[in-house]
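Engineer: Following is a predicted model, sequence given first.
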Amino acid sequence: MQTPAELAAFLRAQLHHHAHQYYVLDAPSIPDAEYDRLFQQLQDLEAQHPELLTPDSPTQRVGGQVLDAFVSVKHAIPMLSIRTETDTEATGAQAFDTRIRKELGLGETDAPVEYVAELKFDGLAMSLRYENGVLAQAATRGDGEMGEDVTHNIRTIAQIPLNLNLAHHTPVPAVLEVRGEVYMARADFEALNERQRARIAAGEKGEKTFVNPRNAAAGAVRQLDSSIAAQRPLSFFAYGLGQISDDFAAFATHFELLMALKVWGFPVAEQTSCVQGAAGLVDFHQRMGQARDQLPFDIDGVVYKVNRLDWQRQLGFVTREPRWAVAHKYPAQEQLTTVQAIEVQVGRTGKLTPVAKLAPVFVGGVTVTNATLHNEDEARRKDVRVGDTVVVRRAGDVIPEVVSVVLEKRLQDAQIFTMQHHCPVCNSPAVREEGEADYRCTGGLFCSAQRKQAILHFAHRRAVEIEDLGDKLVEQLVDAGVVKTLPDLYRLGFTALVTLERMAEKSANNVLASIEKSKHTTLPRFLFGLGIRHVGEATAKELARHFGSMDAIMDATLDQLLQVNDVGPTVAQSLRTFFDQAHNREVVEQLRACGVTWAEGEPTAGASLPLTGQTFVITGTLPTLSRDEAKDMLEAAGAKVAGSVSKKTHYVLAGAEAGSKLEKALALGVPVIDEDGLRALLA
């Protein structure tokens, strides 16, 4: 067992190592929450054993070092960090307000303290020095006392003014040091990583993707070549001041100086608010927590500051942080855990997704045990192995994902993940089409993982159309084991339906009537309803028109399929893959045996149909046909059905309560027919 001195030495070494990875190399190997946990452990240990406190302890200085490649800058006023409150509940804000009121000597009858509530950005702290309104120097925080001169890179950030706005009545001090945060917006970060992945794929050496926006922003700021920084989209928010000319009239409040910064040309986060007392802080914390995932940039908490600057001066500082401000964090969105297994899950559409089974970890406000690896390429790129220690991220309702592997903790026997080429649910072959990232199960109608989606698609309005078969009913039927395949729909009895939850006798009869009605369909609708990948309505109609029968379509060779309009190599292969599965053919035969019928005829490939080349528009309510039925009849005769009337329209098919389309047809002189006229044309 370690002695307190040994534990303190170990923690100091760990924190120094990870601070070097984070601040100097811009390559963090652990999430912020893990660093905070180690820091808190050392802080508690030093509080219990003051004799262990050393001048070089991470608790006595702001993390970070100056890179040798940059000129050092001594901050006229140290850039100190703010104390962090990790209590994720409202009590963190209430405790801060209670302490402030006590230290200011305020009683219960005194007015609430006014605070400025700000966002805690996840970026890189920056100090901008202006002399006579012109940007003279930009420096990183470094260790708080000494920073790095990165002026050449900061000049590339469009949001940072090179010259202050002098047109306004607010005077500009001769020396003005603005403090703020350089960050990268999420959309810009994703676009940057896409470009990096493309460069890696093209074989460019030395390229890498970035772990998170903060990492990417820090790397950009620390480029020796400013042209590289200019290619990376950085942004900036101002939130305070450092040095300012002695002769400049002092601001009365922190909010007043923020408004002056806006006037001088600096961006200030629009969420920044003046609030009253603990209640105002609690409300801000909750509102920003709810909006966190919708913000275009990352935050990991909020910051509370006493608004009155004279009160800030009265409260002063302790060791490494101001008494008048506190950072109130949200639940960490990244945490460390281990991969216990990697399994493959089958989605509703047959997509195979590798999923990491994790040792339970509390992240993003919930306990997480699974994290997606997206697809085989992503799993290989991140090189996630069974037994690895990984960084897991969860933001809001987003599915948890593995961000990166902590390679220094990898075990020698960590198992490499290999994507299986058979569906883990139905054992059908899994295929990956050219140009796609995902493997998909070819089981289709046979695979139980795809059952609900297959049934809903088959019952769709544009497929065989079972009107009363909705999402909730399908879920009940499948979960209860009543329906396992499409033919089971046509074997449903009244008793099986009426015993379902919230299913009355009338509703059960309506469902059975809808199922019975759906038995009489068309070949294109039936083909579309099978849910064959890449086969949409238009393709199904072309196939039916070309081959004339279901058997001819099922038996067609690749070469024969490629002769059909609207069918290319991908669609042809998808059709062959589907019908090469014996269980899919069996489903078709069973549906036929259950009484599902459609009209078949001679192939019309190359034949001249009666309405070929003519365009129709349908409007209003027809006496006996639905719009879908009328559309099917027209398309079967070779016509095209459009959604709007133009001079190129050949006929408008109008029913009762026809509206603006009829009016436009009359104005353009387009012939108008009714349902009887349609039947006459088709005859």
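Structural biologist: Looks like it arrived, so ask away.
Engineer: Contacts only, for Met288.
Structural biologist: With contact set as Cβ atoms under 8 Å, 6 or more residues apart in numbering, Met288 has these partners: 119, 271, 299, 302. Where C-beta positions appear, they are placed from N, C-alpha and C, glycine not excepted.
Engineer: Could you pick out which of those residues are located in helices?
Structural biologist: Judged by DSSP state H, those include no members of helices.
Engineer: now the residue nearest the centre of the chain, nearest residue through space, not along the chain?
Structural biologist: By Cα atoms, centre = their mean, the chain has its centre lying nearest to Val398, at 6.2 Å. Nearest residue to Val398, sequence neighbours excluded (Cβ to Cβ, 6 or more residues apart in numbering): Asp293, at 7.2 Å.
Engineer: cool, Phe189 as well?
Structural biologist: Nearest to Phe189 is Pro213, by Cβ to Cβ, 6+ apart, at 4.1 Å.
Engineer: Tell me if I'm right that that neighbour and Ala185 touch.
Structural biologist: Yes. Counting by Cβ atoms under 8 Å, Ala185 is a contact partner of Pro213 at 7.3 Å.
Engineer: between these two, what contacts are shared?
Structural biologist: Contacts common to Pro213 and Ala185, judged by Cβ under 8 Å, 6+ apart, are Phe297.
Engineer: neighbour-wise, which of those two wins?
Structural biologist: Legend: neighbour count by other Cβ atoms under 10 Å for Pro213 and Ala185, higher for Pro213 (24 against 17).
Engineer: From Val392, how far off is that one?
Structural biologist: As judged by Cβ to Cβ, to the nearest Å, Pro213 and Val392 stand 17 Å apart.
Engineer: can you check Val175 too?
Structural biologist: On the measure of Cβ to Cβ, Val175 and Val392 end up 46 Å apart.
Engineer: neighbour count winner among these two?
Structural biologist: Val392 (24 against 17).
Engineer: in what helix or strand does that one lie?
Structural biologist: strand 389-393 (DSSP states H and E).
Engineer: Let's see the next helix or strand after that strand as CSV, backbone CA atoms only.
Structural biologist: Toward the C-terminus, strand 389-393 is succeeded by strand 401-405 as the next helix or strand (DSSP H and E). Extracted in CSV, the C-alpha atoms of strand 401-405 (Å, rounded to 0.1, in the frame of the first residue of the first chain):
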residue,chain,number,x,y,z
GLU,A,401,-19.4,6.6,-29.1
VAL,A,402,-15.8,5.6,-28.6
VAL,A,403,-13.7,8.7,-29.3
SER,A,404,-10.2,7.2,-29.0
VAL,A,405,-8.0,4.5,-27.4
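Engineer: Can you tell me which helices and strands strand 401-405 packs against?
Structural biologist: strand 366-372, helix 376-382, strand 389-393 (3 or more Cβ pairs under 8 Å, 6 or more residues apart in numbering; DSSP states H and E).
Engineer: Give me the residues contacting stretch 270-287.
Structural biologist: Surrounding stretch 270-287, the residues in contact under the criterion Cβ under 8 Å, 6+ apart are 90, 92-94, 96-98, 112-119, 239, 255, 258, 288, 291, 302, 304, 307, 328.
Engineer: What about those, which are in helices?
Structural biologist: 92-94, 96-98, 255, 258, 288, 291.
Engineer: for those, which one is nearest Gly444?
Structural biologist: Ala291 (42.1 Å; Cβ to Cβ).
Engineer: Now do the contacts for the nearest residue to Ala552 once chain neighbours are set aside.
Structural biologist: Distances taken as Cβ to Cβ, 6+ apart place Pro603 nearest to Ala552, at 7.1 Å, with adjacent residues excluded. Residues in contact with Pro603 (Cβ under 8 Å, 6+ apart) are 546-548, 552.
Engineer: Identify those among those residues that sit within helices.
Structural biologist: 546-547, 552.
Engineer: which of those count as buried?
Structural biologist: 546-547 (16 or more other Cβ atoms under 10 Å).
Engineer: Dump the ones in helices among the contacts of Pro603 to JSON lines, plus pLDDT and distance to Asn153.
Structural biologist: Shown next, in JSON lines, are the ones in helices among the contacts of Pro603 (pLDDT from 0 to 100; distance: Cβ to Cβ, whole Å):
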{"residue": "His546", "pLDDT": "90", "distance to Asn153": "62"}
{"residue": "Phe547", "pLDDT": "93", "distance to Asn153": "64"}
{"residue": "Ala552", "pLDDT": "95", "distance to Asn153": "67"}
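Engineer: from the ones in helices among the contacts of Pro603, which single one is nearest Gly638?
Structural biologist: Among the ones in helices among the contacts of Pro603, and counting by Cβ to Cβ, the member closest to Gly638 is His546, at 12.4 Å.
Engineer: Can you give me the distance of that closest one to Thr539?
Structural biologist: Distance from His546 to Thr539, by Cβ to Cβ: 10 Å.
Engineer: hmm, back to that, and the contacts of the strand holding Val392?
Structural biologist: For strand 389-393, contacts defined as Cβ under 8 Å, 6+ apart pick out 30-31, 211, 333-339, 356, 358, 361, 363-364, 368, 371, 384, 400-406, 409-410.
Engineer: where exactly do the helices run in the stretch 451-600 of the chain?
Structural biologist: 451-458, 471-479, 486-489, 494-498, 505-518, 523-529, 537-547, 550-555, 558-561, 569-579, 582-593 (DSSP state H, counting those that start in this stretch).
Engineer: Report all helices and strands that the third one contacts.
Structural biologist: Translated: helix 486-489. Using 3+ Cβ pairs under 8 Å, 6+ apart, helix 486-489 is in contact with helix 451-458, helix 582-593.
Engineer: now swap in the fifth one and tell me
Structural biologist: Taking 3+ Cβ pairs under 8 Å, 6+ apart as contact, the helices and strands that helix 505-518 lies on are helix 494-498.
Engineer: ok, and for the helix it packs on, which residues are buried?
Structural biologist: Within helix 494-498, judged by 16+ other Cβ under 10 Å, the buried ones are 496-497.
Engineer: next one: stretch 589-609
Structural biologist: Applying 16+ other Cβ under 10 Å to stretch 589-609 flags 590-591, 594, 596, 598, 604 as buried.
Engineer: Tell me the strands beside the strand holding Val392, with direction?
Structural biologist: strand 334-346 (antiparallel), strand 401-405 (antiparallel) (DSSP bridges).
Engineer: Same list, those strands, but as a markdown table with distance to Tyr490 please.
Structural biologist: Below are the strands paired with strand 389-393 laid out as a markdown table (distance: least, Cβ to Cβ, whole Å):
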| stretch | distance to Tyr490 |
| --- | --- |
| strand 334-346 | 26 |
| strand 401-405 | 42 |
